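>>> what follows is a predicted protein model with its sequence.
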Amino acid sequence: MTPFDFVKEIQFGKRNLMVDPQAEKDYKPFTVNKALSYHLDCLMEANAMNLRPHLNKTMQFAYLLNSIRNRRRPFAPWVKPETREDLDVVKTFFECSDRKAQEALGILTKEQIETITQLTIESGPNYD
């Protein structure tokens, strides 16, 4: 059973899936709360469970199952972080972390980034 099976039941199935120990193992509170948080009418309940991680999984599921209104909601794709090619080039060139490369991008001009990109492409992969 996936966490999204639990989300589906919370949103519009309204069946209690916590009937055996395996279901409790399959329930992932973080994933369920994140999926619910993309819907405005479920946000407060998902946040209430985020504030109470000490509750066992059965209690969390029961709260969400009984407090969220039975309604079909449109699919809400998860937000994914942007990938920037400039960031990867700066990380490779300076051999630094994401955070340091992000700081460097704030300082570097477009011409400098283009030069770094050219130098990185010309040198090829470094397999030292």
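Received it, and whenever you're ready, just let me know what you need. Since the model is a prediction, treat every value here as computed from it, not as a measurement. Residues are numbered from 1 along each chain as shown.
>>> low-confidence stretches in the protein?
For the chain, residues meeting the criterion pLDDT under 70 lie at 83, 123-128.
>>> the longest helix in it is where?
With secondary structure taken from DSSP state H, the chain has its longest helix at helix 110-123.
>>> list the buried residues in it.
Counting neighbours by 16 or more other CB atoms under 10 Å, one finds that the buried residues in helix 110-123 are 113, 116, 117, 120. Quick note: C-beta positions are derived from backbone N, CA and C, even for glycine.
>>> nearest to residue 25, of these?
Among the buried residues of helix 110-123, residue 120 lies closest to residue 25 (CB to CB), at 45.6 Å.
>>> residue 89 is in contact with that closest one, correct?
Yes: with contact defined as CB atoms under 8 Å, residue 120 reaches residue 89; the gap is 5.2 Å.
>>> can you show me the strands along this structure?
In the chain, no segments count as strands under DSSP state E.
>>> burial measure for the closest residue to residue 16 other than its chain neighbours, as a count.
Counting by CB to CB, 6 or more residues apart in numbering, residue 16 lies nearest to residue 65, which is 6.6 Å off, once chain neighbours are set aside. By other CB atoms under 10 Å, the residues close to residue 65 number 19.
>>> contacts only, for residue 65.
By CB atoms under 8 Å, 6 or more residues apart in numbering, the contact list for residue 65 reads 9, 10, 14, 16.
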